[in-house]
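# Here is the input, now give the coordinates:
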Amino acid sequence: MSETGSPIILWFRRDLRLTDHPALDAAAKSGRPVIPVFIHDEVVETHGAAPKWRLGLGVAHFADRLAGIGSRLVLRRGRAREVLEALVEETGAGAVWWTRAYDPDAIARDRAVKSALTERGIDAGSHPGHVLFEPWTVETKQGGYYKVYTPFWRAVKERDQSPALTAPADLAAPESWPGSDDIADWKMGAAMDRGAGVVRPWLTLGEEAAQQRLATFVQHRIDRYDARRDYPGVDGTSGLSENLTYGEISTRACWHAGQRALDEGKDGAAAWLQELVWRDFAYHLVYHTPRLVSGNWREDWDAFPWNEDERLAEVKAWKQGRTGIRFVDAAMRELYVTGRMHNRARMIVANYLTKNLMCHWKIGQAWFEHCLVDWDPASNALGWQWASGSGPDAAPYFRIFNPVTQLDKFDKDRAYVTRFLAELSDDPPDPALSFYDAIPRHWPMSATDTYPDQPIVGPKEGRNRALEAYNNRDF
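Numbers count the residues shown, from 1 in each chain. Below you'll find the model as predicted:
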């Protein structure tokens, strides 16, 4: 079979959608047979419990979507390069295409794949689709990358975005399909244990649900987004981070929806568009400075005396939502019950861990990677380094949120803490009780426990301790 008629292997990763998918669109329009593939590869192997489980659910759902247009999703497990080389041999494919990724682990994998396939004469190429602006297309006037968000936003906010692509009605099938694994055999939810049953009802799974979620947000909530987004007790955000993480909806589709809302006079849309670009900014930084995901972006912070021992009693209390700081504890329990955490709450728990408890941001980064169904390698890394003061465009090291006054400001009626802290109520709501059904079996906790009468580290004590360490730093 000639290269122009040979099959195209379309390698899906975190782009589990049919609509606005450039690589899929190009493959469909080529007229050539298309073999969609998902690989449980070396990058997937490193995922924490919640993101690996959620990815597996997304893959299974997407397989059904492909079946709906007469195609199928071939599942394989192993190192990406070896699996794809084997599939090329099996199918006679002349091309392997995928959606571009920007974090260092994905880049290393993709470069190895491209090099190996190109040497074999295979058309191996990546397509856009994961971010709004390719990281190398946004430069300062001096020709470098942006290190601060506000000028990055100014540089891109007026750029045109091409229209979102429609989903293909069908895909040409190969003469014969290669064999496929059964996703159940991968046991991608094994590490979730009993927590899977608790978190599952909180998920919004798949492309259709993501599109409906976007439509509902734009119709009913985006106008008040700027005023309500910081209040964890109300439904004021889009909730789309879960779907963006797995590419069940494109950032471009969200951008166009936000722009239409802005044109209609819905003022909250402006703030939401900036949040979409903040996600792009995280990938811009990770691409240009990959150390962001694994070490202090400001390298002089390597000398800072953070605690790095996860066995510390204070770290255990933080993970279990037993610090005695209600905002922190409610947020950590929300994480276990829903697999997500409100953005304001993420800032509070990160600030408390890194500043009040003086623990390394890597401890929090790793815990979020284990627990978040919307875990994103770039956003997670940037968020933690922003909160700790060690990253680009970081909060000043002396900015230490008081979690008590933050609660008074953003959860004045205590709707949020009541929802997730069972010990505060004679008749706890279901989400608060669900926490005890989700936690590891070896955690000695129950709804009949007494809530701590004193915080492990109070706001004033923690602030003073942090400022002393910052003022005495050797850099």
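
# all contacts plus neighbour counts: C-alpha atoms, from now on.
OK.

# Contact partners for residue 436?
Contact partners of residue 436, counting by Cα atoms under 8 Å, 6 or more residues apart in numbering, are 445-447.

# whoops, residue 353 was the one
Neighbours of residue 353 in contact, by Cα under 8 Å, 6+ apart: 315, 318, 359-361, 364.

# for the protein, what are the low-confidence residue spans?
Within the chain, the segments meeting pLDDT under 70 span 1-4, 395, 474-475.

# what's the single longest helix in it?
helix 268-288 (DSSP state H).

# Please spell out which residues along that one are buried.
The neighbour-count check on helix 268-288 (16 or more other Cα atoms under 10 Å) flags 268-274, 276-288 as buried.

# if we can go back for a sec, going by neighbour count, which of the contacts of residue 353 are buried?
315, 318, 359-361, 364.

# Give me the neighbour count for residue 172.
19 (other Cα atoms under 10 Å).

# Hmm, it is touching residue 31, no?
Yes. At 6.7 Å, residue 172 and residue 31 qualify as touching, with contact defined as Cα atoms under 8 Å.

# Domain parsing of this structure, as residue ranges.
Per the record, the chain has its domains at 1-128, 131-162+194-288, 299-471, by automatic domain parsing.

# centre of the chain versus the second one, how much separation?
Okay, so that is domain 131-162+194-288. How far domain 131-162+194-288 lies from its chain's middle: 12 Å, per Cα atoms, centre = their mean, to the nearest Å.

# The last one now?
Centre-to-centre, domain 299-471 and its host chain are 18 Å apart (Cα atoms, centre = their mean).

# what's the straight distance from one end of it to the other?
18 Å (Cα to Cα, to the nearest Å).

# Over to stretch 363-383?
Using Cα to Cα, the two ends of stretch 363-383 sit 13 Å apart.

# hmm, who's touching it?
47-51, 53-54, 103, 241-243, 245, 279, 282-283, 286, 292-293, 308, 310, 319, 335-336, 339-341, 347, 350, 353, 384, 391-392.

# Give me the buried positions along that stretch.
363-365, 368-383.

# ok, back up a step: check the contacts of stretch 363-383 for burial and list the buried ones.
Judged by 16+ other Cα under 10 Å, buried ones among the contacts of stretch 363-383: 47-51, 53-54, 103, 241-243, 245, 279, 282-283, 286, 292-293, 319, 335-336, 339-341, 347, 350, 353, 384, 391-392.

# From those residues, which land in strands?
Among the buried ones among the contacts of stretch 363-383, no member falls in strands (DSSP state E).

# Among the contacts of residue 353, name the ones in helices.
315, 318, 361, 364.

# Contact partners for the second one?
To tie it back to what came earlier, the one meant is residue 318. 328-329, 332, 353.

# could you redo these as TSV and give each row distance to residue 430 and secondary structure?
Shown next, in TSV, are the contacts of residue 318 (distance: Cα to Cα, whole Å; DSSP: H, G, I helix; E, B strand; the rest coil):
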residue	distance to residue 430	secondary structure
328	19	helix
329	16	helix
332	16	helix
353	27	helix
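
# export the residues you listed to a markdown table and tack on distance to residue 432?
Putting those into a markdown table (distance: Cα to Cα, whole Å) gives the following:
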| residue | distance to residue 432 |
| --- | --- |
| 328 | 14 |
| 329 | 11 |
| 332 | 11 |
| 353 | 22 |
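
# ok, and the most crowded of those?
Neighbour max across the contacts of residue 318 (other Cα under 10 Å) = residue 328, 28 neighbours.

# Give the bridge partners for residue 36, please.
On the basis of DSSP bridges, residue 36 is bridged to residue 10.

# Use 399 as the first number from now on
With the count now opening at 399, the last piece we talked about shows up as residue 434.

# Contacts only, for it.
Counting by Cα under 8 Å, 6+ apart, residue 434 has contacts 407-410, 469-472.

# Neighbour-wise, give me the winner out of those.
Neighbour-wise, those (other Cα under 10 Å) top out at residue 407, 25 neighbours.

# Wait, it touches residue 490, no?
No. Counting by Cα under 8 Å, residue 407 does not reach residue 490; the two are 9.8 Å apart.

# what about the residue positioned nearest the centre of the chain, distance to residue 681?
When Cα atoms, centre = their mean is applied to the chain, the residue found nearest the centroid is residue 774 (2.6 Å). Look at residue 774 and residue 681: by Cα to Cα, they are 10 Å apart.

# can you check residue 830 too?
Counting by Cα to Cα - residue 830 and residue 681 are separated by 35 Å.

# same deal with residue 563?
Taken as Cα to Cα, the span from residue 563 to residue 681 is 22 Å.

# same deal with residue 579?
Applying Cα to Cα to residue 579 and residue 681 gives a distance of 32 Å.

# swap in residue 699?
On the measure of Cα to Cα, residue 699 and residue 681 end up 22 Å apart.

# now residue 857
Residue 857 sits at a distance of 33 Å from residue 681 (criterion: Cα to Cα).

# One more: residue 408?
From residue 408 to residue 681 the distance is 23 Å (Cα to Cα).

# Hmm, residue 511 is touching residue 478, no?
Yes. Between residue 511 and residue 478 there is a contact under Cα under 8 Å: 6.9 Å.

# Now do the strands in the stretch 499-648 of the chain.
521-525 (DSSP state E, counting those that start in this stretch).
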